[in-house]
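Undergrad: generate a structure from the sequence data that follows.
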Amino acid sequence: MHGVKAFHTKERDYAAGKKIVGFNQHIAVDTDGRLLLVRLTPSDISDNAGGQMILDAIRKR
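TA: Okay, here's the model as predicted:
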């Protein structure tokens with residue numbers, strides 16, 4: 001997970017614990033490091049919830 005400042009969109013949120021305004025990137029890679037999926041979520045979504053969302057999306061593929 002990596003916090004991203006995104007000022008060009010209307011859907012921004014504030015993560016109080018991290019003190020950032022923007023989005024979180026949740027990235028899934030395979031064991032060789034190849035990119036499987038990238039998901040941007042508002043910064044108020046917890047890392048656990050974002051990780052669960054990306055795992056569910058991979059399982060549906």
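Undergrad: so where do the strands sit in the chain?
TA: 2-4, 13-15, 20-29, 35-42 (DSSP state E).
Undergrad: enumerate every residue touching Q52.
TA: Contact criterion CB atoms under 8 Å, 6 or more residues apart in numbering gives no residues in contact with Q52. In short, each C-beta sits where N, CA and C put it, glycine included.
Undergrad: measure it to V38 for me?
TA: Distance of Q52 to V38, given as CB to CB, to the nearest Å: 16 Å.
Undergrad: low-confidence stretches in the protein?
TA: Low-confidence segments of the chain (pLDDT under 70): 1-21.
Undergrad: A28 reaches I54, doesn't it?
TA: Yes - counting by CB atoms under 8 Å, A28 sits close enough to I54 to count as a contact (5.3 Å).
Undergrad: and for those two, which residues touch both?
TA: Counting by CB under 8 Å, 6+ apart, the residues touching both A28 and I54 are L37.
Undergrad: who has more neighbours out of the two?
TA: I54 (18 against 15; other CB atoms under 10 Å).
Undergrad: so how far is T41 from the more buried one?
TA: Relative to T41, and taking CB to CB, I54 is found at 9 Å.
Undergrad: what do these two both touch?
TA: Listed as contacting both I54 and T41 by CB under 8 Å, 6+ apart are H26.
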